[in-house]
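> generate coordinates for the sequence data below:
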Amino acid sequence: MLTIEDIKKMLPHRYPFLLVDRVLEYKEGDWIKTLKNVTYNEPFFTGHFPQVSVMPGVLMVEAMAQSGGILAFLSMNKEEFERSIGGKRMVYFVEIERARFRRPVIPGDQVIMEVKILKHKLDIWKMEGKATVDGKIVAEAKMAAKIDRELE
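Purely as a prediction, here's the structure:
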């Protein structure tokens, strides 16, 4: 539904830290479903772990948080969205709760992130997310994001 070029208009992250490749589906103000293709040439695999390549759990949570940031932008009214994209406003990961890691993510996996808004007040968005591979949960967490004021 949304490509990497659309995502780059909303998130400040770039390679190697942009961890969402595509938005598959979303419902404004409610939920989003995104995709991360995990490849062997990801820079973190050289040290995590050299003998068995495993995606760090903290990066799975970051991918869910980035998905939530995209959802927050997509949930703005059209005028506010237009004023905010292209680096004019920053989205920050501000809180994480109850992170759980269920199984390892390895090269070749496609991680599907599903993030749902729990509460939105002012510039703070509380969400819960889960990441799956082949329909099995690999990570889940509750988190919050903040969209900062307009930059000059």
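> what about the strand or helix carrying residue 79, average pLDDT?
For residue 79, the element it lies in under DSSP states H and E is helix 78-84. Averaging pLDDT along helix 78-84 yields 82.
> helices of this protein, residue ranges please.
4-10, 57-74, 78-84 (DSSP state H).
> what's the most buried one of those helices?
Greatest average neighbour count among the helices of the chain goes to helix 57-74 (a mean of 24), per mean count of other Cβ atoms under 10 Å. All C-beta spots, glycine's among them, are computed from the backbone N, C-alpha and C.
> output that helix in PDB with nothing but the alpha carbons.
Provided in PDB are the C-alpha atoms of helix 57-74 (Å, rounded to 0.1, in the frame of the first residue of the first chain):
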ATOM      1  CA  GLY A  57      15.200  -8.300  19.900                       C
ATOM      2  CA  VAL A  58      15.600  -4.600  20.500                       C
ATOM      3  CA  LEU A  59      15.600  -4.000  16.700                       C
ATOM      4  CA  MET A  60      12.300  -5.900  16.400                       C
ATOM      5  CA  VAL A  61      10.800  -3.500  19.000                       C
ATOM      6  CA  GLU A  62      12.300  -0.600  17.100                       C
ATOM      7  CA  ALA A  63      10.700  -1.900  13.900                       C
ATOM      8  CA  MET A  64       7.300  -2.000  15.700                       C
ATOM      9  CA  ALA A  65       7.900   1.500  17.000                       C
ATOM     10  CA  GLN A  66       8.700   2.800  13.500                       C
ATOM     11  CA  SER A  67       5.500   1.200  12.300                       C
ATOM     12  CA  GLY A  68       3.600   3.000  15.100                       C
ATOM     13  CA  GLY A  69       5.300   6.300  14.100                       C
ATOM     14  CA  ILE A  70       4.000   5.800  10.500                       C
ATOM     15  CA  LEU A  71       0.500   5.100  11.800                       C
ATOM     16  CA  ALA A  72       0.600   8.300  13.900                       C
ATOM     17  CA  PHE A  73       1.500  10.300  10.900                       C
ATOM     18  CA  LEU A  74      -1.200   8.600   8.800                       C
END
